[in-house]
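*Asks:* predicted coordinates and the sequence they were generated for:
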Amino acid sequence: MSLSVPNNPVASLHHPKLSTSTKDDQSISHLSDETVTDYIYTKHHEDDSVKIDVDNYIALVESIITTADRITETVTHGTEGRLIFSDDFLKVNAVDPPLCTLHKVSSQLSCKAPGVEQAHKTTLDILDILASYSWEAKAVLTLTAFAAEYGDIWHLNHYSSLDPLAKSLSMIKRVPLLKKQLEGMKYRQVLVSPNSLIYSCLRAMKYITQLKNFSKYDVDELPELSSVRRQIPFFSYWIIHIIVATRIEISSYLNETEGQSQRYLNDLAEKINRLLCTIEDYLNVIREQQEEIDLYRWLVGHINNSPTRITLVLPKLIEGKVEAKPFIDGSTRLQVSVEDALRDKNVILLISGLDISDDDIRAVDLVYNEVRKEDKYKIVWIPVIPDYFREEEARKIYEYLSSLMKWYIVPYTTKIAGWRYLEDKWQFRQDPLVVVMNSESKVEFANAIHLIRVWGAEAIPFTMDRTLALLKKNWPESTLLKFIEEPRLRSWVNQDRTIIFYGGKDPSWIQQFEEKVVEIKNDPYTKEKGYTFEIVEVNDFTLTPHFWITQWGYFVIKSQIKDSSATETTEDILRLISYKDENGWAVLTVGSAPLVVGRGDLILGVLEDFNKWKTTLTAFHDVFKDKFGLQSLLYRPCERITLPQFSGWIPIKVNCPECPLFMKVGISLKCNSGGRED
């Protein structure tokens, strides 16, 4: 349900459709939501130049109506004069009502003919009288005017047996006629019953003030708030309309005239119930959003601004409360409280979906085996389970992953209370996130997953100094050598031999490369001069995903350390990453120092021209690098690189590995210079 701006701002007060109704057909079907909003926008606007305390008025009205209805119950049960009043009324704060305005509203409520047309017209007249008040104030003042008259009637009746003046006044107000109606279905439909029209209006007013109380939050924080606020004029119209119809019904009893039709009253009951359901739904959503915001602010305060005990912070992050369910100890499968598990410990939070890879679990396991020796760190897995998983399937995967973990495990849950914090402050995405915190919840390393993927347990203790020390190694040593099972490789690296690492998706390219290498090595000139180099294949398809994620890990770490732009220190590894889907690629190193990273066709082209440049050899790697550089200048396609959904901070600006320009960032990274348009 939503309000729409009327097409004709000067529409007639009496809508054409209203003329079709008759006394026998008193329904509100022709008062569609669009029709009502047309009237509202045509004649009335939000104006709160006159302020009132709506909450106090609601409390006052509720006190009057409930007390009056308690009196009616004594009349019904023949116990008049025995009502004992509580002190609840005394707790209501005093109000300073706009007396003349209330008299004008009361005058509009009095002695009107029954029917939807009259109630609608009277509602519009009341809106005119209350033009200087906010929409919720218009409704509560109308309810106050009704309550004043209704409460006065039963107050006089209550004291009429003891007070001659009260008895005389009750006769003038014809209270005895109203008493005859107390057992009637219609009377209890408009009053007395907790689900009656008036009590429903009172509930609606309370809901509206609850909505107003969220004004301290920004609408961007509570997306539903803006939508429901736009509907408050609509809600207020119907509250006033129902109060008018109810007062007309009461007047019919006092005047012994025809009252509202049963169909009309039923329609109003259905209408207010629908409105209540609508507001309740909004409130439920907004309250959830509010709890999320309050928790988010708490986490920001206790992690980012004023770190506090990890045993307090982690339960709030996971479940939104101080006391959380016990962890599962993966090594014993026993439960252990958060306090006992993490007291005075540094904590490594492994946060992931159910798609965490076995490679990542094995890498974290290496860290676990190392940190448990000194017992300074504890690892905790926080599973984030997407909505699209079926319950049975999710539990099955959760149990399987849990069985692979020896560290602490958060019990199965479909919702992490601090999800917004994970997403906003820690940039949790699809990829696993590893946050290292000390015992006071200070973040020591924002995302160590890339450190663990590249260096495993060597990354401990996950500090910046340790990271810088690891980065002093040449990247092939950290990202290539670990995937090679060649027993002589370490010796070749230590001897600073020339090594060509190669791989690719196309077996035919691999075969051509290897055949060309054999041809060059067997060349008489090569043997005569003693020029040697080694080749090492990196093409085990069972390792391929892990291989490329390791390259990405190094790139992200290096980029984060240097700045928000991938500089020349990472161009080589970025160039290698760009060849992931190529038929072939190669990396030429001297020892572990990279000299050339190239696409397969260019590498093969240089090798095929060997006979043209072999006589210029001084050192194989130097000449190869020069020839490759010349070949690259003739054919330099700029790259398109798909950036995985890494958690944590990732480079915003990335240099093209083939030219000096930045790459566009979107679904993929593409060089701005044009080049190849795949």
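*Replies:* Yes, it's here. Numbers count the residues shown, from 1 in each chain.

*Asks:* closest to the centroid, which residue in the chain?
*Replies:* Centroid-nearest residue in the chain, with CA atoms, centre = their mean: Arg420, separated by 5.4 Å.

*Asks:* residues in contact with that one?
*Replies:* If a contact means CB atoms under 8 Å, 6 or more residues apart in numbering, then Arg420 has 292-293, 295-296 as its contacts. Placement of C-beta: from N, CA and C, glycine included.

*Asks:* try it again with 10 Å
*Replies:* Applying CB atoms under 10 Å, 6 or more residues apart in numbering to Arg420 gives the contacts 221, 289, 292-293, 295-296, 299.

*Asks:* equivalent analysis for Phe235, please.
*Replies:* Phe235 makes contact with 1, 135-136, 139, 201, 204-205, 207-208, 211, 228, 272, 275-276, 278-279, according to CB under 10 Å, 6+ apart.

*Asks:* how about the strands in the stretch 401-550 of the chain?
*Replies:* 408-409, 433-437, 443-445, 498-503, 534-537 (DSSP state E, counting those that start in this stretch).

*Asks:* show me the contacts of Arg420 that map onto helices.
*Replies:* In helices, judged by DSSP state H, the following of those are found: 289, 292-293, 295-296, 299.

*Asks:* in space, what's closest to Ile58 - neighbours in sequence excluded?
*Replies:* Counting by CB to CB, 6 or more residues apart in numbering, Ile58 lies nearest to Met205, which is 5.4 Å off, once chain neighbours are set aside.

*Asks:* pretty sure the one you found contacts Glu136?
*Replies:* Yes: applying CB atoms under 10 Å, one finds Met205 in contact with Glu136, separated by 7.1 Å.

*Asks:* what do those two both touch?
*Replies:* Common neighbours of Met205 and Glu136 (criterion: CB under 10 Å, 6+ apart): 54-55, 57-58, 235-236, 239.

*Asks:* which one of those sits closest to Gly504?
*Replies:* Proximity of the shared contacts of Met205 and Glu136 to Gly504 (CB to CB) peaks at Phe235, which lies at 66.3 Å.

*Asks:* with just CA atoms, put the helix or strand hosting the closest one into CSV.
*Replies:* Using DSSP states H and E, the element containing Phe235 is helix 232-255. Provided in CSV are the C-alpha atoms of helix 232-255 (Å, rounded to 0.1, in the frame of the first residue of the first chain):
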residue,chain,number,x,y,z
ILE,A,232,0.7,7.9,7.9
PRO,A,233,-1.8,10.5,6.3
PHE,A,234,-3.7,7.5,4.9
PHE,A,235,-3.7,5.7,8.2
SER,A,236,-4.8,8.9,10.0
TYR,A,237,-7.7,9.5,7.6
TRP,A,238,-9.1,6.0,8.3
ILE,A,239,-8.7,6.4,12.1
ILE,A,240,-10.7,9.6,12.0
HIS,A,241,-13.3,8.1,9.6
ILE,A,242,-13.8,5.2,12.0
ILE,A,243,-14.1,7.5,15.0
VAL,A,244,-16.7,9.6,13.2
ALA,A,245,-18.7,6.4,12.2
THR,A,246,-18.5,5.2,15.8
ARG,A,247,-19.7,8.5,17.3
ILE,A,248,-22.6,8.5,14.8
GLU,A,249,-23.5,5.0,16.0
ILE,A,250,-23.4,6.2,19.7
SER,A,251,-25.6,9.2,18.8
SER,A,252,-28.2,6.9,17.2
TYR,A,253,-28.6,5.1,20.5
LEU,A,254,-29.0,8.3,22.4
ASN,A,255,-31.5,9.7,19.8
